[in-house]
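J.: give me coordinates for this.
(chains A and B)
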Number of protein chains: 2
Amino acid sequence: MMESVTSTKKPLPSDIEIAQNAELAPIPEVAAMVGLDEKHLVPYGRNVAKVDLAAIDEMSGRPDAKYVVVTAITPTPLGEGKTTTAVGLAQGLAKIGRKPVLALRQPSLGPVFGVKGGAAGGGYSQIVPMETLNLHLTGDFHAITAAHNLLAAMVANHLHFGNELGLDEIQWRRVMDMNDRSLRHIIEGCGAKTDGVTRQTGFDITAASEVMVIMALATSLTDLRERLGRIVVGFTKDKKPVTAEQIGAAGAMAVLLKDALMPNLMQTLEHTPAFIHTGPFGNIATGNSSIIADRVGIKAGDILLTEAGFAADMGAERFFNVKCRAAGLTPNAAVIVATVRALKSHSGRYQVKAGKSLPEEMLQENPGDVEAGIENLRKHIQIIRDFGVQPVVAINAFPTDFPSEHDVIKRAAEDMGARVAVSTHVADGGEGAIELAKTVVEACDDEVDFTPTYEFSDSLETKIEKIATKVYGADGVELSPAAKKSLAMYTEQGYGDLPVLIAKTQMSLSHDASLKGAPTGWTLPVREVRLAAGAGYVYAICGNMMTMPGLSKTPAAMRIDIDENGNTVGLF
Amino acid sequence: MMESVTSTKKPLPSDIEIAQNAELAPIPEVAAMVGLDEKHLVPYGRNVAKVDLAAIDEMSGRPDAKYVVVTAITPTPLGEGKTTTAVGLAQGLAKIGRKPVLALRQPSLGPVFGVKGGAAGGGYSQIVPMETLNLHLTGDFHAITAAHNLLAAMVANHLHFGNELGLDEIQWRRVMDMNDRSLRHIIEGCGAKTDGVTRQTGFDITAASEVMVIMALATSLTDLRERLGRIVVGFTKDKKPVTAEQIGAAGAMAVLLKDALMPNLMQTLEHTPAFIHTGPFGNIATGNSSIIADRVGIKAGDILLTEAGFAADMGAERFFNVKCRAAGLTPNAAVIVATVRALKSHSGRYQVKAGKSLPEEMLQENPGDVEAGIENLRKHIQIIRDFGVQPVVAINAFPTDFPSEHDVIKRAAEDMGARVAVSTHVADGGEGAIELAKTVVEACDDEVDFTPTYEFSDSLETKIEKIATKVYGADGVELSPAAKKSLAMYTEQGYGDLPVLIAKTQMSLSHDASLKGAPTGWTLPVREVRLAAGAGYVYAICGNMMTMPGLSKTPAAMRIDIDENGNTVGLF
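T.: Numbers count the residues shown, from 1 in each chain, chains lettered A, B, ... in the order given. From the prediction side, this is the model:
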């Protein structure tokens, strides 16, 4: 086994510089570290392997690893380093002799060429090779795009050949893994009669596809096949759902997705095994990585870290209420990533903007600002506790932080009896996350009394209300007439027992991005309710949800190129 | 090394039955058979490897293998088994102690779910695993789709942000690897002002993308990068071309395509190495597999078989005039695949339709019908000879053929002094292609006086005319006013030295599918001329070219599924 290298440099080199200089361990060695047999590895390129699903059955006799979800406080538009912390924590756990496994979402290709230019952790806590991670990886997103669009083509074909099933309202659009605003709203079938039926439709980004969530929630190939069949593509005039099964597409979709259902094994800079698998949107979808990856990971190693998108009110709520229940898994602990800058922004005294650096005055020592925003952290601690799970607050330290500011966070956590640790994993790799690692190991021995927010037998309205009031802290819910009508219809159609997702901004505990801290005295307005029957939930939309991003005037793609040696440049 | 298994069964099992029961050799062993070092293999799944391009440089000192193109007479809509013959011939060459390498196009995903259900040769002459071949393979087509659509998104984005370059007429559409007629003509940007500029556009199938041809014609990563930059996405009001380089997309496209440029190594049922790489359309594009695959293959083994789409007037013409010249390679021989059924159909006495079985009366012994259609074969022999290359006529034998019918074909070939052999590779595998293999080996020792149809310095009009008269046998060319205008414009813009492709039906030597045999006394009408500056050619369109297929009422997708064991069914 290779030595894990953390000869960290000061000042910190750029992410891509660190990533491109990383020495990788052969994937079979990475797998062997957590007892994954080489025979289950299907190589894809030189540094990635898929793990075949036979591994799950074969390892079923092994004890379950501790199951830890990594979530965060309400973030600024810059993100608070949840992935980075998950990676650093995994590296730290390895340093103290544990056998950690990571489960993360795959980045979407669209944003790579849009604003972001790449996502793979940061500093000395990254997944490598970052180029592979950020581009096609093993083609899973492409397979999902193809399966989604095959169904769309077959729906359009069904209309073209006479619409035997009587489709009246079609909700199935197309997808592309691209930021392309011009495709949000299109009119298709604009040619001759032989060129299809003219109608309005559009494209979402692949991460927003229901097929993406289905892949993330499927527990087996058989379950995947059944979920695909249950997808509702639209409704008849008398409001009967029409499914992918009726269109005849579900089988071919499953064939397209078969290989993509195997999770992808990569590694951190310190060779910790990391499963990168699926990447559903965090607003209209679950925002969690796949159940399949977690099921493999929980039988490999002794502690599994899985990341949930956005803050605890968003990704973690769905992790507990939807993912854990679909997976039949019980979490042992939750890590809440907190930063000084996010808590300062919750003071309401600053404006942080995506793609711009922080206001200069936010970088001054100011424990008072942190204190002014601390209610946000308190609320997220409470959210986790209400699920019967003990939280660990992970302070993701920035070089611009001051000890006095960290102290405010520590005191708040300790006041609530919550564990807390500072982590410097970005600058120091796993070495910087040792304290956090020890704290998380302790927390995993706490007793868990897993308590979801609602019962599946609750009415759809009740489920929405319980999430809004018990998790978000709203006084209540206001349903639009359209939302009420849809809820009645879905209940009537037999979908009343499904869980509910609430699509709202991630920038606030409320539906209003400008409400910082832990807002009280507000009501959640539900504009519209939609059905994702294949994924297995109903989702309530509060505000405008962007499901197809656009490019900026000078997108990251403009700086991405190959150099004279064929190496990729500009991907950071 | 595994024994090559050809324990053929009678009666012939179905293609998928043969393929799924095939025993595969480990890919490193397949590579080693033709001296390809394992260090150059990048595994993708259990039965495919990409070959890194460093292999080309490293093997540059080796002698070139014999270079043989496999083409055909004018086919029926059912196809005449060109791929099958290429596979069988490769297997036959191995049987007689040669070291053959195959180079074939990757099948398009659209038709797999449309009419065809899969394409991988047939009977005991197939590429395996057929499921891998027909679905995502290593994701190259998906990478091409992504690169193409990134450019489209950036063009749309350029318009959205004020159209600084002054694009007036945009010729760059989008692509999808799907049969979806409803996307042929769309109006994009139908939402609010923030949802892009409203304009008419559409989707082609990925195989029709200029990026696909660029990948097929690129000789290196650097050449790929330059070609991408030269793509003309549209024109300004004063008819100046606007390129992908100006849009700022070419670098990011190259990064998306880097891995896809490595050819994919698979194997035949008898473990012969087969490169499967790129798959440009046979009408508006070159219809040939990649130069990169040929450049690797020509340094591995001692005879390289490369397939050219459709008949000798189409794929082989482009092979000689465009591909060989771009690659700097000289062919040693050409195989013309002929069938009894195609020659009978050239008698003009029968109607053969796609997706339908042959008329019963075509299956009767009738050498007279073969004789009546034989002019088509004679013309194709002449076409090959005019390039200074010696043809071998390969009679692809069907169980329904009669010796008297084969005799007509043999006599015609021998009358012209051309080599000819019967091959029963579908029923018998390589064993059935031994006679053909020996004949091809002989032909490879013939002297070659490679003579393209035109000089690059000829005017664009002259090039079109030379192909039409010298290759197709037309009396002349009739250019529409629009075509004349475009030719003048492209010449003015500096594209006059590019080669020319003629997009016409593959069902006749002429532009009119109903003209069978070897039509004379006709003029080629050119409706429109277009520019593919990145791929490096101008193409003249004669008739309606379908660049986005549709699905039938009951597409193959409807029967494709997984069974209770997770195995794919219905893919044949």
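
J.: check contacts around residue A:553.
T.: B:157, B:161 (CB atoms under 8 Å, 6 or more residues apart in numbering or on different chains). Placement of C-beta: from N, CA and C, glycine included.

J.: helix/strand/coil for it?
T.: coil (DSSP: H, G, I helix; E, B strand; the rest coil).

J.: phi and psi next, for it.
T.: phi -60, psi -40 (degrees, to the nearest 10).

J.: distance check, it against residue B:13.
T.: Distance, residue A:553 to residue B:13, using CB to CB, to the nearest Å: 59 Å.

J.: quick one: mean pLDDT for the helix or strand that contains residue A:265?
T.: Here residue A:265 is covered by strand A:264-268, with elements defined by DSSP states H and E. Per-residue pLDDT over strand A:264-268 has a mean of 98.

J.: can that strand be found next to chain B?
T.: No. Figure legend: strand A:264-268 not in contact with chain B (CB under 8 Å from any CB of the partner chain); closest approach 12.5 Å.

J.: parallel or antiparallel, list what pairs with that strand.
T.: Paired neighbours of strand A:264-268 in the sheet (DSSP bridges): strand A:49-51 (antiparallel), strand A:125-128 (antiparallel), strand A:273-276 (antiparallel).

J.: of all residues in the stretch 201-350 of chain A, which one is closest to chain B?
T.: Nearest residue of the stretch 201-350 of chain A to chain B: residue A:251, at 2.8 Å (CB to the nearest CB).

J.: contacts only, for the residue lying closest to that residue once chain neighbours are set aside.
T.: With CB to CB, 6 or more residues apart in numbering or on different chains as the measure, residue B:561 is the residue that lies nearest to residue A:251, at 2.8 Å, once sequence neighbours are left out. Residue B:561 is in contact with A:225, A:250, A:251, A:252, A:254, A:255, B:568, B:569, B:570, counting by CB under 8 Å, 6+ apart.

J.: most neighbours of all the residues you listed, which one?
T.: residue A:252 (29 neighbours; other CB atoms under 10 Å in any protein chain shown).

J.: spit out the contact partners of that one.
T.: A:147, A:150, B:113, B:557, B:558, B:560, B:561.

J.: mind picking the two most distant members of those residues?
T.: Farthest apart among these by CB to CB are A:147 and B:558. That separation is 14.7 Å.

J.: which one of these two is surrounded by more residues?
T.: Higher neighbour count among residue A:147 and residue B:558: residue A:147, with 27 against 18, using other CB under 10 Å.

J.: alpha carbons only: can I get the helix or strand harbouring that one in CSV?
T.: Element membership for residue A:147, per DSSP H and E: helix A:140-160. In CSV, the C-alpha atoms belonging to helix A:140-160 read as follows (Å, rounded to 0.1, in the frame of the first residue of the first chain):
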residue,chain,number,x,y,z
ASP,A,140,-23.6,7.8,-15.9
PHE,A,141,-25.1,11.2,-16.5
HIS,A,142,-25.0,10.6,-20.2
ALA,A,143,-26.8,7.3,-19.7
ILE,A,144,-29.4,9.1,-17.6
THR,A,145,-29.8,11.8,-20.3
ALA,A,146,-30.2,9.1,-23.0
ALA,A,147,-32.8,7.1,-20.9
HIS,A,148,-34.8,10.3,-20.1
ASN,A,149,-34.8,11.4,-23.7
LEU,A,150,-35.7,8.0,-25.1
LEU,A,151,-38.9,8.2,-23.0
ALA,A,152,-39.5,11.8,-24.4
ALA,A,153,-39.0,10.6,-27.9
MET,A,154,-41.4,7.7,-27.4
VAL,A,155,-44.0,10.0,-25.9
ALA,A,156,-43.7,12.3,-28.9
ASN,A,157,-43.8,9.3,-31.2
HIS,A,158,-47.0,8.1,-29.4
LEU,A,159,-48.6,11.5,-30.2
HIS,A,160,-47.4,11.3,-33.8
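
J.: check whether whichever helix or strand comes after it contacts chain B.
T.: Downstream of helix A:140-160, the next assigned helix or strand under DSSP H and E is strand A:167-170. No. Counting by CB under 8 Å from any CB, no contacts exist between strand A:167-170 and chain B, the nearest distance being 11.4 Å.

J.: with that, I have no additional questions.
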